[in-house]
Structure formats: C-alpha cells, structure tokens
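In: no sequence on this one, just coordinates:
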C-alpha cells in the first residue's frame, strides 16, 4: 500500500523559513516523479512544485519560484520542500503526491499544515 | 500558463440524478486532463486520467469526456458518497494548473 506522510508544518512568523518532509513507502520511490500541492483554508488546490525521479528536473509555480526549493533523497525515500521568506499567503495545507505518469498524481499524503502569522 | 475554467462552482442534485461538471482549457492540452474528488477533511483522490480513463477502484458511474478544449466529468447516478469538491487538473505542461473546483451537494 502506498503511503505518504508529511511532517514539519507549524506556525511561523512572516519572513521565516520552514522545511517540510514527506516519507514515502509501499512503492519504489526512486522511480517516480513527486509533487507538492497546497490548499489555503477554504480554497482550492494549487500545484506548487515537481521534481523528477532522479532530481534531473524541477519545476515551480510562479507564486513560490525563488523562495521554495523542492528536493529528494532517494536513499531515504523522502521528499522535501524548503520554504523561505514565508508570507501570510503561504498559509495552507501542504500535500505531497506521487505521480503515476504524465504529471498525473495518483496518491496523496494527509497533508502538513503551515500557518504564517505574526 | 494554461488556465482551467471550471463550472459550475457549486451544484446541488438529487440521488440517482446525472451530474456533469466541465473544465475549459485556455489552449490545446490534448488528453492531458485529470479529475480529482476531495471529500470533506480528506486528501484528493484521482478519479479520471487521460481525460477518459477511469482510475483504479473508481466506480463505473464516473466517466470523463473531451470535446476540443472542453472536458467533462459525468456521474451517471449520483450517490450519497459522491458529495465533495471536484477538481480538474491540466497535466499537459508545468506549471500544472487546477480548476477552481465544483462543490457537489445532495438536494
């Protein structure tokens, strides 16, 4: 069974940094592209980042480009999202997701909550 | 960036009714379109990929179709467990973009 477990969320002040982790199990992590998607309170889904299975390519939404960095450690079956210069508009539930193929995500974690507030 | 215009924003329908949700892409995305269902308090679940292919374990009352750059999700006989918010996703090119969502309720 595929499992994705996010951690690292919390309450932080504007301008600060936070690093989310997503531990994967139940599939060959090193063979799949991975994504981060977020959902602000009472809002829709927003895709924010993609990393290829071998870290050869990374893509970002304009809203986080230059502030967020996606990375992975295939030896640890772990996906990361490093978030810098956090803003109030970054407040959201952050989901990691496994890609099945052609950029389609077929498994999602339960989410990590990030609140940016003074 | 590719924009996905989803409609309606909300929908109230009776049990056993046919429900249709649509997404309009701002440019040609071929069949690179997926549909997700998000139940209250839960993570999204994949329903349809490749515009028309049913994901594993998804009931056959769900179906997807495409006409040009317009994509539709149809629920043939609405059930109580189908309540939630539905999103389309264009998987043609990064940055990927979701539709704004359709909240489905039972009348």
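Out: Yep, that arrived. In this text the structure is predicted, and so the values were computed from the model without any measurement.

In: Could you list the residues of chain A in contact with chain B?
Out: Contact residues (CB under 8 Å from any CB of the partner chain) of chain A with chain B: A:35, A:44-47, A:50, A:59-62, A:95, A:100, A:102-106, A:108-111. For every residue, glycine as well, the C-beta is placed using N, CA and C.

In: Tell me the spatial nearest neighbour of the residue at minimal distance from the centre of chain B, not counting adjacent residues.
Out: Nearest to the mean C-alpha position of chain B, counting by CA atoms, centre = their mean, stands residue B:35 at 3.9 Å. Closest residue in space to residue B:35, ignoring its immediate chain neighbours: residue B:48 at 4.1 Å, by CB to CB, 6 or more residues apart in numbering or on different chains.

In: and the helix or strand harbouring residue B:63 with chain A, contact?
Out: Taking DSSP states H and E as the definition, one finds residue B:63 inside strand B:62-67. No. Using CB under 8 Å from any CB, strand B:62-67 never reaches chain A; the gap is at least 12.3 Å.

In: Name the SS class of the closest residue to residue A:97 other than its chain neighbours, please.
Out: Nearest residue to residue A:97, sequence neighbours excluded (CB to CB, 6+ apart): residue A:105, at 3.8 Å. Three-state assignment for residue A:105 (DSSP: H, G, I helix; E, B strand; the rest coil): strand.

In: Now for residue A:105: which residues touch it?
Out: Contact partners of residue A:105, counting by CB atoms under 8 Å, 6 or more residues apart in numbering or on different chains, are A:35, A:37, A:97, A:98, A:99, B:34, B:46, B:89.

In: where's it relative to residue B:87, distance?
Out: For residue A:105, the distance to residue B:87 (CB to CB, to the nearest Å) stands at 11 Å.

In: Residue A:8 now?
Out: For residue A:8, the distance to residue B:87 - CB to CB - is 25 Å.

In: Have a look at the two and say which one is more surrounded.
Out: residue B:87 (24 against 16; other CB atoms under 10 Å in any protein chain shown).

In: Run a quick check on that one versus residue A:46, I expect a contact.
Out: No. Assessed by CB atoms under 8 Å, residue B:87 is found out of contact with residue A:46, at 10.5 Å.

In: Show me the common contact partners of the two, please.
Out: residue B:98.

In: Local confidence estimate at residue A:101?
Out: pLDDT for residue A:101: 81.

In: What's the local residue count around it?
Out: Using other CB under 10 Å: residue A:101 sits among 11 other residues.

In: is it in a bridge, and if so with what?
Out: Beta-bridge partners for residue A:101, by DSSP bridges, are residue A:104.

In: Also residue B:102?
Out: Beta-bridge partners, per DSSP bridges, of residue B:102: residue B:86.

In: where does it sit relative to chain A, distance-wise?
Out: The gap separating residue B:102 from chain A is 10 Å, by CB to the nearest CB, to the nearest Å.
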